[in-house]
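J.: Make a model of this:
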Amino acid sequence: MASSLTCAGVVWAFLSFLCAATSCVGFFMPYWLLGSQLEKSVSFGTFRRCSYPVRDETRQTTVMVEQCGRYASFQAIPSTEWRICTVVTGLGCGLLLLVALTALMGCCVSELISRTVGRVAGGIQFLGG
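T.: Below is the predicted model:
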């Protein structure tokens, strides 16, 4: 396997992949904020939530759903700011993954990444971060 990357480029590729993977796991996990509500432990992130209150219309009370899941719809995300955070973080994770996978392919394919492509990839990583 020929590579178009220098030794520093290979290290950059692997660190980029680790950072992108960590960012994506953090985005999908619902443990950004921890607390309690109705004497139950709750947590949520931009994309998912665990142990959340739901209004039971038949009994006219609020009950806790003790399971993890994503929001039912984009409009179910609590606030406009939270929706913006979800979109921006998701786009950032996507950009980071795109650059990281391209860099890893550059470790295996010769002439894939030139100096210009490396600089553009670095700029995209900057935007993703």
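
J.: Next secondary structure after the longest helix seen in the chain?
T.: Across the chain, the longest stretch assigned as helix under DSSP state H is helix 80-108. Under the assignment DSSP states H and E, the closest C-terminal helix or strand after helix 80-108 is helix 115-128.

J.: how big is the angle separating that next one from helix 80-108?
T.: Between helix 115-128 and helix 80-108, the angle comes out at 160 degrees (axes from the mean of the first three to the mean of the last three Cα atoms, to 10 degrees).

J.: And the contacts of helix 115-128?
T.: Helix 115-128 is contacted from outside by 9, 16, 91-96, 98-99, 102-103, 113, using Cβ atoms under 8 Å, 6 or more residues apart in numbering. No exception for glycine: its C-beta is placed from N, CA and C like everyone else's.

J.: Quick one: distance of that helix to the chain centre.
T.: Here the centre of helix 115-128 is set off from its chain's centre by 19 Å, with Cα atoms, centre = their mean, to the nearest Å.

J.: mind listing what's buried in that helix?
T.: Buried positions in helix 115-128, judged by neighbour count with 16 or more other Cβ atoms under 10 Å: 118, 121, 125, 128.
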